[in-house]
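Visitor: Coordinates only, no sequence provided:
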Ligand SMILES: [Zn+2]
Ligand SMILES: [Zn+2]
Ligand SMILES: [Zn+2]
């Protein structure tokens, strides 16, 4: 709530959201879950042997097996083992288990960087762990429980929300396929979901923001592997068999050769013209070229740098490599609100980035243009296009919210390239867009609709049904001489969007 403390207006908004949460909870009469407001802190301690004596009463329970830990119904965890493998397995299992995914987890010992990325603190005593868990659980009370129980997006948002101001950092794991990962997101992600795409989807939907650039990694443009070997090669034949050699340039005949060839009986003689070379600067010098290719005998100053992919063998110049950037992620204000009310803004709203105008204004603008056509019969024609994305909901059911949002984002970017800045856009319903193209006749509009139809093949999601589009087009006037006979913009718009 700290974000709302600054201004009066924001405080009102915060109060409104509180109200919405209360209302939602009352309406559905959600049964109290373990983490509910009234529930006290219950910590599960994972340890090979029980505590010898304890004065924590009901607060701490001991478990030897990970499955017991997960089934305990506890809302905080303390990993108290020396065994690195067990500790990591426990931390991963807690984060993978939906009811405990966002729970406070502390450890008595450090167990490597991945482990430390998954837990909330290491090298702490159990009483410290109890103390540090309290504020996290207090924050959890503000989170919408129903959304968190149902959906992994909200579990991740809850993880952020409970840890105010936390940044999710990429962790380098050099021996893995893609060098960097986000262990918490990786564990919380639904089965089969690429956690980096998931994070990016939440960023696209405004729930998370990229905070700090941590690294830039170059990967193979063919197979995306970051495991690359940089080699020096001959710029002429690309052989790697090159060596640095001292060269001599004979001033008498002007030829260049490897220094070894010039040395004879402790004096220097040009092997080509037999001239005696006594003084550097007047008889000979060392040219800049100092590499020699053993395969093609070319001599050169600078070798060429190539990268060879360890995984697929592709050879590329360094500037041909793809660049991956890794940022830390943080919860946005919008994300905080979503976490509390249990609703993420509809993915369709991403279409609004096309700069859509209101229905009323669009209609008015259209009316005016129809009027102009009636009055000035030689005015250039205009075209209206209604474009409906028929099966986005169906695709969403298969691939989930995050990837659907990414798809809509991709469609929006492509549509932006198709339309001109002078074209106007309006969204009459969730999945439909209306475009007004001034100075566009039937033939020109067919180019535009052709490009729109190509979106079907341009934006394809793996394992998802193919995108289906429905397009209606009207150009006015239909023939150069025809007087625009349409009744009104309202009728025209209704006619175009009704049966699409
Ligand atoms: Zn060569
Ligand atoms: Zn010579
Ligand atoms: Zn490769």
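Guide: Cool, got the structure. Just so you know, these numbers come straight off a predicted model, no measurement behind them. Ligands and ions are numbered 1, 2, ... in the order given.
Visitor: got the domain boundaries for this structure?
Guide: Domains of the chain are assigned by automatic domain parsing as 2-165, 230-312, 347-498.
Visitor: Return the set of buried residues in stretch 259-274.
Guide: Neighbour-count burial for stretch 259-274 flags 262, 268, 269, 270, 271 (criterion: 16 or more other Cβ atoms under 10 Å). For every residue, glycine as well, the C-beta is placed using N, CA and C.
Visitor: Which among the domains of the chain is found nearest to ligand 1?
Guide: With Cβ to the ion as the measure, domain 230-312 is the member of the domains of the chain nearest ligand 1 (3.1 Å).
Visitor: What about ligand 2: which of the buried residues of stretch 259-274 touch it?
Guide: For ligand 2, the contacts drawn from the buried residues of stretch 259-274 by Cβ under 5 Å from the ion are residue 270.
Visitor: So what's the residue count around residue 210?
Guide: Neighbourhood size, residue 210 [other Cβ atoms under 10 Å]: 16.
Visitor: In what element of secondary structure is the spatially closest residue to it that is not a sequence neighbour found?
Guide: Leaving aside its sequence neighbours, residue 210 sits nearest to residue 327 (Cβ to Cβ, 6 or more residues apart in numbering; 3.7 Å). Per DSSP states H and E, residue 327 falls inside strand 322-331.
Visitor: and that strand, what other elements does it pack with?
Guide: Judged by 3 or more Cβ pairs under 8 Å, 6 or more residues apart in numbering; DSSP states H and E, the packing partners of strand 322-331 are helix 152-162, helix 195-204, strand 208-219.
Visitor: so which of these is the most packed in?
Guide: Highest mean neighbour count of those: helix 152-162, a mean of 25 (counted as mean count of other Cβ atoms under 10 Å).
Visitor: mind giving me JSON lines with the domains of the chain and columns for mean pLDDT?
Guide: JSON lines is the format used below for the domains of the chain (pLDDT from 0 to 100):
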{"stretch": "domain 2-165", "mean pLDDT": "80"}
{"stretch": "domain 230-312", "mean pLDDT": "89"}
{"stretch": "domain 347-498", "mean pLDDT": "86"}
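Visitor: In TSV: these, plus distance to ligand 1.
Guide: Putting these into TSV (distance: least, Cβ to the ion, whole Å) gives the following:
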stretch	distance to ligand 1
domain 2-165	44
domain 230-312	3
domain 347-498	43
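Visitor: quick one, which of the ones you listed is nearest to residue 179?
Guide: Evaluated over the domains of the chain, closeness to residue 179 peaks at domain 230-312, with 12.5 Å, by Cβ to Cβ.
Visitor: That closest one: end-to-end distance?
Guide: Domain 230-312 has an end-to-end distance of 14 Å (Cα to Cα, to the nearest Å).
Visitor: Run the contact check for that domain versus ligand 3.
Guide: Yes. Residues of domain 230-312 are located near ligand 3 by Cβ under 5 Å from the ion, namely 309, 311, 312.
Visitor: in a helix, that's where residue 350 is, yeah?
Guide: Yes. Counting by DSSP: H, G, I helix; E, B strand; the rest coil, residue 350 falls inside a helix.
Visitor: returning to that earlier point: can you add distance to residue 375 and secondary structure and give the buried residues of stretch 259-274 back as TSV?
Guide: Below are the buried residues of stretch 259-274 laid out as TSV (distance: Cβ to Cβ, whole Å; DSSP: H, G, I helix; E, B strand; the rest coil):
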residue	distance to residue 375	secondary structure
262	92	helix
268	95	strand
269	97	strand
270	92	coil
271	93	coil
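Visitor: export the buried residues of stretch 259-274 to TSV and tack on distance to residue 214?
Guide: TSV is the format used below for the buried residues of stretch 259-274 (distance: Cβ to Cβ, whole Å):
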residue	distance to residue 214
262	53
268	56
269	60
270	57
271	57
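Visitor: Report the two members of the buried residues of stretch 259-274 separated by the largest distance.
Guide: Going by Cβ to Cβ, the pair spanning the buried residues of stretch 259-274 furthest: 268 and 271, at 9.9 Å.
Visitor: any common contacting residues for those two?
Guide: Common neighbours of residue 268 and residue 271, using Cβ atoms under 8 Å, 6 or more residues apart in numbering, are residue 262.
Visitor: picking that back up, just give me the closest of the residues of domain 230-312 next to ligand 3 to residue 135.
Guide: Of the residues of domain 230-312 next to ligand 3, the one sitting nearest to residue 135 (Cβ to Cβ) turns out to be residue 311, at 45.2 Å.
Visitor: burial measure for the spatially closest residue to residue 154 that is not a sequence neighbour, as a count.
Guide: Of all residues not flanking residue 154 in the chain, residue 147 sits nearest, at 4.1 Å (Cβ to Cβ, 6+ apart). For residue 147, the count of nearby residues is 21 (other Cβ under 10 Å).
Visitor: Identify the residues contacting residue 478.
Guide: Per Cβ under 8 Å, 6+ apart, neighbours of residue 478: residue 442.
Visitor: Ligand 2 contacts on the stretch 101-250 of the chain?
Guide: So far as Cβ under 5 Å from the ion goes, the stretch 101-250 of the chain lies against ligand 2 at residue 250.
Visitor: Can you show me the strands along the stretch 101-250 of the chain?
Guide: Counting by DSSP state E, counting those that start in this stretch, the stretch 101-250 of the chain has strands at residues 105-107, 171-172, 180-181, 208-219, 228-233, 242-244, 247-250.
Visitor: Need the three-state assignment for residue 462.
Guide: With three-state DSSP as the basis, residue 462 sits in coil.
Visitor: Quickly note the distance from it to ligand 3.
Guide: Relative to ligand 3, residue 462 is positioned 20 Å away (Cβ to the ion, to the nearest Å).
Visitor: who does the longest helix along the chain touch, helix- and strand-wise?
Guide: Counting residues, the longest helix found in the chain (DSSP state H) is helix 392-418. Contact analysis of helix 392-418 by 3+ Cβ pairs under 8 Å, 6+ apart lists helix 195-204, helix 442-458 as its packing neighbours.
Visitor: Which one, of those, ends up nearest to residue 242?
Guide: Going by Cβ to Cβ, the one of the helices and strands packed on helix 392-418 nearest residue 242 is helix 195-204, 39.0 Å.
Visitor: Next, the angle strand 322-331 makes with the closest one.
Guide: Helix 195-204 and strand 322-331 are oriented at 60 degrees to each other (axes from the mean of the first three to the mean of the last three Cα atoms, to 10 degrees).
Visitor: which residues are in contact with helix 195-204?
Guide: Against helix 195-204 from outside (Cβ under 8 Å, 6+ apart): 153, 156-157, 168, 178, 181-182, 185-186, 188-189, 208-210, 329, 335, 350, 401-403, 405-406, 409.
Visitor: Apply 7 Å and report the result again.
Guide: Contact with helix 195-204 is made by 153, 182, 185-186, 189, 208-210, 329, 402-403, 405-406, 409, as judged by Cβ atoms under 7 Å, 6 or more residues apart in numbering.
Visitor: If anything else comes up later, I'll come back, but that's it for now.
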